[in-house]
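Q: here is my input; please provide its structure:
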Amino acid sequence: MPAPTTRELLWGTPDRPRRGPKPSLTLERIVTEAVDLADAEGLASLSMARLAERLGCAKMALYRYVPGKTELTALMLDAALSSPPENHTDPADPESWRAYLREWSGTFFGNAVAHPWLNELATGVRVMGPNELAWLETALAVLDRSGLTHAERLDTVVLLLNHVRGMGLQTGTAGTDLEGELAREMTAVFLTQADRFPHAAVALAEAVPGTESAATAGRDNALDYGIERILDGVAALIATRR
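A: This next block holds a predicted model:
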């Protein structure tokens, strides 16, 4: 019997009969352990041999469930994304789409930060899984009565995703403060180069934690700022269609 394809693994395939005792492994357990491994050690550390070691089984036992790393990472991506926020928009409220897309973007960002390897897998031509497609579907659905064309709705979602993913890459792992760390590293440079780079010096100075300027400048706000400006532009376009 041929090995299941990525599409079959993501979207289901007829049950394959198995003989003998009930296996100790399950595909769900394998994927969960693979996600935990990637979270802890990075995607580069993930291998079928390393995963088998963590699961306490022979490497060849994994191939009964998943043909290889390509199929495994596709399952990991869909599992890490989980489900999008519930669509709670009010059809009677023409502005409810904005609140939902704000929540949608923030939730996706949280997933990207919790699983830093997620962005690396969510690129290129590939089969999208049910969770990933659900993220797309719900975002498109809330714009159904907006007056935007289907292509414009899709472009809106892609624009939000690109912003959120980009911020996820810049933020790093949860609990880190890359903005503050960059400002601290560059402080010595700007003490001598502020005349040459005055705008950059002032902007980064406001990011240094503990300073009065950092407390009042809205630091760490690039994610929300970008989301709001994107939604402002979409709202302006929607207004022209009404």
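Q: what's the domain layout of the protein?
A: 6-80, 86-174+220-241, 178-216 (automatic domain parsing).
Q: just after the worst-scoring helix or strand of the chain on mean pLDDT, pick out the following helix or strand.
A: Least confident element among the helices and strands of the chain, by mean pLDDT, DSSP states H and E: helix 212-216 (a mean of 48). Next along the chain after helix 212-216, taking DSSP states H and E as the criterion, comes helix 222-241.
Q: next, the buried residues of that following helix.
A: Neighbour counts over helix 222-241 (16 or more other Cβ atoms under 10 Å) mark 223, 226-227, 230-231, 234, 238 as buried. The C-beta positions use only the backbone N, C-alpha and C, and glycine is treated the same way.
Q: where exactly do the helices run in this protein?
A: Assigned by DSSP state H, the chain shows helices spanning 6-11, 27-41, 48-55, 59-62, 69-81, 96-114, 118-121, 130-142, 150-171, 178-193, 198-205, 212-216, 222-241.
Q: which stretch in these has the least confidence?
A: Of all those, mean pLDDT reaches its minimum on helix 212-216 (a mean of 48).
Q: point to the residue nearest the middle of the chain.
A: residue 112 (3.4 Å; Cα atoms, centre = their mean).
Q: sorry, back to before: go through the buried residues of helix 222-241 and say which is closest to residue 163.
A: residue 226 (4.6 Å; Cβ to Cβ).
Q: my guess is that closest one meets residue 167, correct?
A: Yes. Between residue 226 and residue 167 there is a contact under Cβ atoms under 8 Å: 7.0 Å.
Q: with distance to residue 77 added, can I get the buried residues of helix 222-241 in JSON lines?
A: Below are the buried residues of helix 222-241 laid out as JSON lines (distance: Cβ to Cβ, whole Å):
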{"residue": "223", "distance to residue 77": "21"}
{"residue": "226", "distance to residue 77": "23"}
{"residue": "227", "distance to residue 77": "23"}
{"residue": "230", "distance to residue 77": "24"}
{"residue": "231", "distance to residue 77": "26"}
{"residue": "234", "distance to residue 77": "27"}
{"residue": "238", "distance to residue 77": "32"}
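Q: just flag the most distant two among these.
A: 223 and 238, at 22.6 Å, using Cβ to Cβ across the buried residues of helix 222-241.
Q: for stretch 195-203, which outside residues touch it?
A: Around stretch 195-203, the neighbours that count as contacts under Cβ atoms under 8 Å, 6 or more residues apart in numbering are 190, 193-194.
Q: quick check: buried residues in that stretch?
A: residue 201.
Q: same check, this time on stretch 78-87
A: 78-81, 84-85.
Q: stretch 154-172 now?
A: For stretch 154-172, by 16+ other Cβ under 10 Å, it's 156-157, 160-161, 163-165, 167-168, 171.
Q: ok so, going back, just the buried residues from the contacts of stretch 195-203, in PyMOL please.
A: Buried subset of those, written as a PyMOL selection, criterion 16+ other Cβ under 10 Å:
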select buried, resi 190
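Q: list the contacts of residue 39.
A: 114-117.
Q: which one of the residues you listed sits closest to residue 206?
A: residue 116 (26.2 Å).
Q: my guess is the closest one contacts residue 122. True?
A: No. Applying Cβ under 8 Å as the test, residue 116 and residue 122 come out as separate, 11.9 Å apart.
Q: give me the more crowded residue out of those two.
A: residue 116 (19 against 16; other Cβ atoms under 10 Å).
Q: could you measure the more buried one against residue 91, distance?
A: From residue 116 across to residue 91, the span is 37 Å (Cβ to Cβ, to the nearest Å).
Q: repeat that for residue 25.
A: Distance from residue 25 to residue 91, by Cβ to Cβ: 46 Å.
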